[in-house]
Every structure is written in C-alpha cells, then in structure tokens.
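Q: What shape does this take:
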Amino acid sequence: MHQHRVGLVWFENDLRIDDHPLLCRAAAECQQLILLYCVNPKWFKPNRYGLLSMGQARQQFLEQSLHQLDTQLATYGQRLVVSYQPPLETIARLIAQYGIDAIYRSANSGFYERQYLSIVRQRYPFLQYVEMETQTLFNAQQLEHVLTPFPASFSKFRQLAEPITMLDSCERPLQLPPAPTQFPPSYCRYPQPVSEPQLSQFEGGCSAGIAHVKRYFESAQAQHYKQTRNALDEWTHSTKFSPWLALGCVSPRQIISLLDQHEQAFGANDSTYWIYFELLWREYFQHYARHYGALLFNAAGIRDQRQTTSFYATRFKKWCQGNTPYPIVNACMKQLNSTGYMSNRGRQLVASCFVHELQLDWRYGAAYFEQQLIDYDVAANWGNWQYLAGVGADPRGHRWFDLAKQTSIYDPQHSFIKKWQGDVFDGHLDHVDMVDWPIAKKP
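A: Here you go, the predicted structure:
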C-alpha cells in the first residue's frame, strides 16, 4: 500500500518557486505539503545590542516578499502559511496536529538559524530531514576540495572555485500537492497585501526581484558596472540585486543564467565578469559563516585579535543618526535610515569611521546594519564587518579609509552630502555627564 506522506517545507531565505530544487523534491516525495514561514517574535524585541534584529524597512520588504510568494503558490493550488509564534513552538504544534513525516529546509549560513533545525532534529529523531543548497552557486560536493582545508582568504577561495562549472538551474515543471487542512488562525495565517507607504525604491518579492534582474541585464548597464559600482546614490550604477538575493526571492544561479544571456547579446568584458566576481565574494562569506559558526559574532573575530575599541553610547547614537564630524558618513547614514539601503562604498566608509575614527566596538555597527538594511544577509553583513575591523578574513588587517580623500573621489561636488544634509553636525561627539567624577581641589 502506498504510504501517505506529509511534508513540511520550512521556508527561510528562499522565498521563491523558480530554481528551488528543495521544493521540487518535496513536491515529488509527498502527497500533502505544508509550506511554512516563521516570523520570529524575537526579531522585534531588543537584542544584546539594544537594537531590533529587524527594523521597519526590512519588515516591509519581508512582508511584500511573503505576499508575492503566496500569490505564486496560489496558482499551484497551495498557500504559504505564516506563523508569528516562536519557530520551535510552531513546528511542534504542526508535527503533533498534522502527522508530519518529513521536514524540508534549505541550507542556511546563519549560526542561530542552524541551531533551530538542530534542536528540532534532536526532539524529533523519527522524522526524515532533507536539507539542500538553494542559495549558493555551488553545492557542498562541488566545493569539497575547495573548503578542505578552509581557505583563509577570498583570493584562495576564488582561485579554487572559479574553474568549477555551475550546475544548471532547476527549472523542471512543478506540481505541488495540497495542504492537509485549513490552519488554526491562533498561530498561523496567510500573508496579507502590504498597505504601508513605500519606504524605499525596492519592492519585495520573487516577481519583483526577477523582473528587476531581467530589466538590468536587458539594458547595457552591466557593460559599465565596474566603472560605476562605487557611486553613492545613482540607482542604475550598481545592480541592486542584494535585497532579493538576501531573502532568496532570486537565486544566484538565476542571476548567473541571465548574466550569461546578457554576455551573449552584448559581449563579455571586465564589468560583466565583476558581477560574477562579487557573487563569488557572497559565496565565500556563506561558507565562511558556516565554517566559523558563532565566531562570526565574536568581538575578537576568527583570529582572536581583539581591537582596541570600546562602547561610547553617545558616539554610537550620533553615528546611527548621521550626526558626526564627517559629512560623507552622515549622508550615508541618513540615506540608510530613510531608504533601508546604502551603497557598497558607503558601507565601507561608515564602517571605517565607526571602528577607526569613533573607536567603537564593530559588533554594534554590524547589529545596526542588521536592523536597518533591507538586504541584510547574516554571512555577508557580519563577515564584511569583521573584514573591515581587522578581525576577519582580510590578510592585510584592518581597512582604514581617509574620509576626506574618499569624499573628493566619490562626491567631489558634495551633491550627495547636500542631498542628504550630511553637513549637519551639532558640534558635540561626546557628552560629559554632570555626575561624572568630581574634580579634586588643590590643597
């Protein structure tokens, strides 16, 4: 007798249907599927840095992405179920209520995200667990010789990884089995259309994401990417793929496939190669995060080289607000706070200022980026901050940018600074508390 198999697909940063081999496998192996996304209540409570893990711009982009995925699933007779309870609690209730036989989840680079799955495995060893790569260019088998031993620098990783042929994207026809029954509204509900005002130029979702990537490669912009990618504000001067990549609305293999088509139509050059080069950087950080685990969040980094920085609450607050003596930094921070986005060059400048000029603990800067950036990716964000602070994968040590020189190169007319009012500074970087140590009188 044919076994009736109930599967749970646990979506995380893979919010799409196309090029999703895990979803294809779950659909082929199960007679009924529950498609779940967990919005963790912890994201909206202060963390160890006194910040939220997810700010308003990120939340809106996520909700848009969930709604678009649900809309796509509806065409297959399925729905995305969203839980707003703690993930372990939700998974336990679903296992008990629906007799789940197997849990399908994309491989995740986040240490704490992997811990959740590890706990579920320990509690329910009788279930089958299927984990697959859906967010990287290469799978574990392809990279076995590259990652053993783990490459200490990106250059070493790139030398070994570049010759590998990328697997074809999974575009097989998809047929999704139905969900078991309606879900109790007490802990699960379907995504609703997002009605809040737009916080940025980015619209979350798989449909919006793939449309953006196609528009980009149908134009000639990629032909000049290497020359324009350091621009601070111009929409067309960089790819802007990162928000959709971060949530998996678009896969890196889909991007490479469209890049190949662009090169066939327009020709390949240093600029089109540089898009692939930066996807390799992303790939490196995904495996870097998995290899080093909790060390990704360690003040001393992966090298146990603690920096001579501290935590000055006033300085940190002023950096977050864009109220420092450095106009280029202020402009970038105000852009981030307004839009949920900042250019790659801007991120390097504000991080350098944070660590070197303001002498602040880099982890607080990384945590603020986590709260604010709509393209937050745990591996890329924390890996890049470690890299710049001199406690990560950079063989040359810390990166210290001359902010005046950088301004003269990237904003010589101060148009970016003027647009975002970066030259506004109240003149006080530190406050002396009135109840500070008393000044001793001379005898």
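Q: For Asp436, report the pLDDT, please.
A: Confidence per residue is given as pLDDT, and for Asp436 that number is 51.
Q: Oh, that last question was meant for Gly390, not what I typed.
A: What the model reports for Gly390 is a pLDDT of 89.
Q: let's number from 59 now, not from 1
A: Renumbered: residue one is now 59, and that last one reads Gly448.
Q: Surely it and Gln363 touch.
A: Yes - between Gly448 and Gln363 there is a contact at 6.8 Å, judged by C-beta atoms under 8 Å. Using the backbone N, CA and C atoms, a C-beta is placed for each residue, glycine as well.
Q: neighbour-wise, which of these two wins?
A: Gly448 (19 against 14; other C-beta atoms under 10 Å).
Q: Quick check: the more buried one vs Ala371, distance?
A: Using C-beta to C-beta, to the nearest Å, one obtains 23 Å as the distance from Gly448 to Ala371.
Q: Quickly find the element holding Leu407.
A: Assigned by DSSP states H and E, Leu407 falls within helix 402-410.
Q: partners of the helix or strand of the chain with the lowest mean pLDDT, with directions?
A: Counting by mean pLDDT, DSSP states H and E, the chain has its least confident helix or strand at strand 246-247, which shows a mean of 73. Strands flanking strand 246-247 in the sheet, each with its direction: strand 138-141 (antiparallel) (DSSP bridges).
Q: export the following helix or strand past the partner strand as PDB, just CAs?
A: On the C-terminal side of strand 138-141, the closest following helix or strand by DSSP H and E is helix 145-156. Extracted in PDB, the C-alpha atoms of helix 145-156 (Å, rounded to 0.1, in the frame of the first residue of the first chain):
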ATOM      1  CA  PRO A 145       9.600  28.700  15.400                       C
ATOM      2  CA  LEU A 146      10.200  25.700  17.800                       C
ATOM      3  CA  GLU A 147       6.700  26.100  19.200                       C
ATOM      4  CA  THR A 148       5.100  26.300  15.700                       C
ATOM      5  CA  ILE A 149       7.000  23.300  14.400                       C
ATOM      6  CA  ALA A 150       6.000  21.200  17.500                       C
ATOM      7  CA  ARG A 151       2.300  22.100  17.000                       C
ATOM      8  CA  LEU A 152       2.300  21.300  13.300                       C
ATOM      9  CA  ILE A 153       4.100  17.900  13.900                       C
ATOM     10  CA  ALA A 154       1.500  17.000  16.500                       C
ATOM     11  CA  GLN A 155      -1.500  18.200  14.600                       C
ATOM     12  CA  TYR A 156      -0.800  17.000  11.100                       C
END
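Q: Return the mean pLDDT over helix 145-156, rounded to an integer.
A: Model confidence over helix 145-156, given as mean pLDDT, is 95.
Q: That helix: which residues count as buried?
A: Buried residues in helix 145-156, defined by neighbour count with 16 or more other C-beta atoms under 10 Å: 145, 148-149, 151-153, 156.
Q: Adding distance to Ala462 as columns, could you present those residues in TSV?
A: Formatted as TSV, the buried residues of helix 145-156 follow (distance: C-beta to C-beta, whole Å):
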residue	distance to Ala462
Pro145	47
Thr148	51
Ile149	53
Arg151	57
Leu152	56
Ile153	59
Tyr156	61
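Q: And those residues, which two are furthest apart?
A: Pro145 and Tyr156 (16.1 Å; C-beta to C-beta).
Q: Domain-wise, how is this structure divided?
A: As assigned by automatic domain parsing, the chain contains the domains 59-192, 264-355, 371-477.
Q: among those, which is the most enclosed?
A: Among the domains of the chain, the stretch with the highest mean neighbour count (mean count of other C-beta atoms under 10 Å) is domain 371-477, at a mean of 20.
Q: end to end, how far does it reach?
A: 27 Å (C-alpha to C-alpha, to the nearest Å).
Q: Kindly report the same for stretch 368-385.
A: 23 Å.
Q: and what of stretch 63-81?
A: Counting by C-alpha to C-alpha, the length from the leading to the trailing residue of stretch 63-81 is 15 Å.
Q: tell me the mean pLDDT over it?
A: 95.
Q: measure stretch 365-383 end to end?
A: Taking C-alpha to C-alpha, the first and last residues of stretch 365-383 lie 23 Å apart.
Q: quick revisit: the domains of the chain into JSON lines, with extra columns for distance to Pro207?
A: Shown next, in JSON lines, are the domains of the chain (distance: least, C-beta to C-beta, whole Å):
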{"stretch": "domain 59-192", "distance to Pro207": "19"}
{"stretch": "domain 264-355", "distance to Pro207": "10"}
{"stretch": "domain 371-477", "distance to Pro207": "14"}
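Q: of all those domains, which lies closest to Gln217?
A: With C-beta to C-beta as the measure, domain 264-355 is the member of the domains of the chain nearest Gln217 (10.5 Å).
Q: Tell me the gap between the closest one and the middle of its chain.
A: Centroid displacement of domain 264-355 relative to its chain, using C-alpha atoms, centre = their mean, to the nearest Å, is 13 Å.
Q: pLDDT (mean, whole number) over that domain?
A: For domain 264-355, mean pLDDT is 96.
Q: Let me see the contact set for Thr382.
A: Under the criterion of C-beta atoms under 8 Å, 6 or more residues apart in numbering, the neighbours of Thr382 are 376, 388, 411, 415-416, 483, 487.
Q: So which of the residues you listed belong to strands?
A: Using DSSP state E to define strands, no part of the contacts of Thr382 is located there.
Q: ok, Ala84 to Ala280 distance?
A: As judged by C-beta to C-beta, Ala84 and Ala280 stand 34 Å apart.
Q: so which strand or helix has the closest residue to Tyr187 other than its chain neighbours?
A: What sits nearest to Tyr187 in space, not counting adjacent residues and going by C-beta to C-beta, 6 or more residues apart in numbering, is Ile161, at 5.4 Å. For Ile161, the enclosing helix or strand under DSSP H and E is strand 160-164.
Q: do you know how far Tyr426 is from Phe169?
A: 19 Å.
Q: and the spatially most central residue of the chain, what is it in contact with?
A: Nearest to the centroid of the C-alpha atoms of the chain, with distances taken as C-alpha atoms, centre = their mean, sits Asp435, at 1.7 Å. Taking C-beta under 8 Å, 6+ apart as the contact definition, Asp435 lies against 71, 300, 303-304, 340, 343.
Q: Next, format these as JSON lines and append distance to Leu354.
A: Listed next are these as JSON lines, based on distance: C-beta to C-beta, whole Å:
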{"residue": "Asn71", "distance to Leu354": "16"}
{"residue": "Ser300", "distance to Leu354": "19"}
{"residue": "Leu303", "distance to Leu354": "19"}
{"residue": "Ala304", "distance to Leu354": "16"}
{"residue": "Arg340", "distance to Leu354": "15"}
{"residue": "Phe343", "distance to Leu354": "9"}
